[in-house]
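Q: following is a predicted model, sequence given first.
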Amino acid sequence: MNTVTATAAAGTRPVRIVYFAWVRERVGLPEETLDIPTDLTTIADLVRWLKARGEGYETAFADETVVRAALDHVHAKPQARLGAAREIAFFPPMTGG
């Protein structure tokens, strides 16, 4: 059985998750590759799943309305479908001056 088949059989898929600024500080990692369950369909689902991974994630995503996300370098709303995204980035709101 090859890796793709093994992953599909397990009901997960690998996704690179990148954290920026204070989200990175609270999670404690700049990025990681996680095997996420295939039944996570939206960014909001993924955030809830990440929060269950531990205190750092819970702290980073305590207010789910604050943290922004991008799917494969394209900004996306919490209700956006993950689809086949290979990279998901989380970052705080940006301000201009």
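A: Received it, and whenever you're ready, just let me know what you need. Numbering: from 1, shown residues only.
Q: check contacts around residue 58.
A: residue 51 (CB atoms under 8 Å, 6 or more residues apart in numbering). C-beta here means a position set from N, CA and C on the backbone, and glycine is covered the same way.
Q: tell me the confidence at it?
A: Listed pLDDT for residue 58 reads 97.
Q: hang on, it is in a helix, isn't it?
A: Yes - counting by DSSP: H, G, I helix; E, B strand; the rest coil, residue 58 falls inside a helix.
Q: so how far is residue 72 from it?
A: Per CB to CB, to the nearest Å, residue 58 is found 26 Å from residue 72.
Q: residue 83 in helix, strand or coil?
A: At residue 83, secondary structure determined by three-state DSSP is coil.
Q: per-residue confidence for it?
A: With respect to pLDDT, residue 83 has a value of 95.
Q: residues contacting it?
A: The contact partners of residue 83, taken as CB under 8 Å, 6+ apart, are residue 71.
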